[in-house]
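**Student:** here is a sequence with its predicted model. Questions after.
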Amino acid sequence: MALRMMTAAFALAAGLGLAATGAALAQDAAPTTPGGKAVLARQAHYKDLGKAFGGVNGELRKDAPDKAAIAAGATTVKTLADGLPTWFPKGSGPEAGVKTAAKPEIWTDAAGFAAAVAKLQGETAKLQEVATAGDLDAIKAQVRATGGACKNCHDQYRAPDQH
């Protein structure tokens, strides 16, 4: 009898666990709308951008930075920044139904957003240039300028983290 009750309790718990997992999977299902897909693609691009920029910063903190790694990272940062304007198609804001930190001002202040993006693109081009030349002091200064351009855009067009 006790074994039968334990088996029934286990089956019930397993069934509830599967039902909860199914519900969670349904909520986390990939978006099907173009806007929702754009949000996920944008988030992936930003992760790549952060990883590349973080790699450059990480190299600069080393006693003997790898200039080739810095140059490669700076090239990735520039390439991603060059593509950034395409990451925000209409319909990929909060209305896409996917959690995003993109503020509506990206679309309502398109000229301001374009100017902020252009500033970032200019700074990443300079970063790539100085990284290719290999002058560590110039690279460090340009990393600060590039980070400032990132911050400027985030301050205006990205919602603060809600942790």
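**Tutor:** Yes, it's here.
**Student:** any idea how far stretch 145-155 is from the middle of the chain?
**Tutor:** Stretch 145-155 sits 14 Å away from the centroid of its parent chain (C-alpha atoms, centre = their mean, to the nearest Å).
**Student:** oops, could you answer that again for stretch 69-82 instead?
**Tutor:** From the chain centre to the centre of stretch 69-82 is a distance of 15 Å (C-alpha atoms, centre = their mean).
**Student:** spatially central residue for this structure, please.
**Tutor:** With distances taken as C-alpha atoms, centre = their mean, Y46 lies nearest the centre of the chain, 2.4 Å away.
**Student:** contact partners for it?
**Tutor:** For Y46, the contact set (C-beta atoms under 8 Å, 6 or more residues apart in numbering) is empty. Just so you know, the C-beta spots here come from the backbone N, C-alpha and C atoms, and that holds for glycine as well.
**Student:** that one: what secondary structure?
**Tutor:** Of the three states, Y46 takes helix according to DSSP: H, G, I helix; E, B strand; the rest coil.
**Student:** pLDDT score for the nearest residue to A30 once chain neighbours are set aside?
**Tutor:** Of all residues beyond its chain neighbours, the one nearest A30 is L40 (7.3 Å), with distances taken as C-beta to C-beta, 6 or more residues apart in numbering. pLDDT for L40: 96.
**Student:** then M6?
**Tutor:** pLDDT recorded at M6 is 37.
**Student:** P160 too?
**Tutor:** P160 is given a pLDDT of 89.
**Student:** try A30
**Tutor:** pLDDT for A30: 80.
**Student:** check which helix or strand covers it.
**Tutor:** Assigned by DSSP states H and E, A30 belongs to neither a helix nor a strand.
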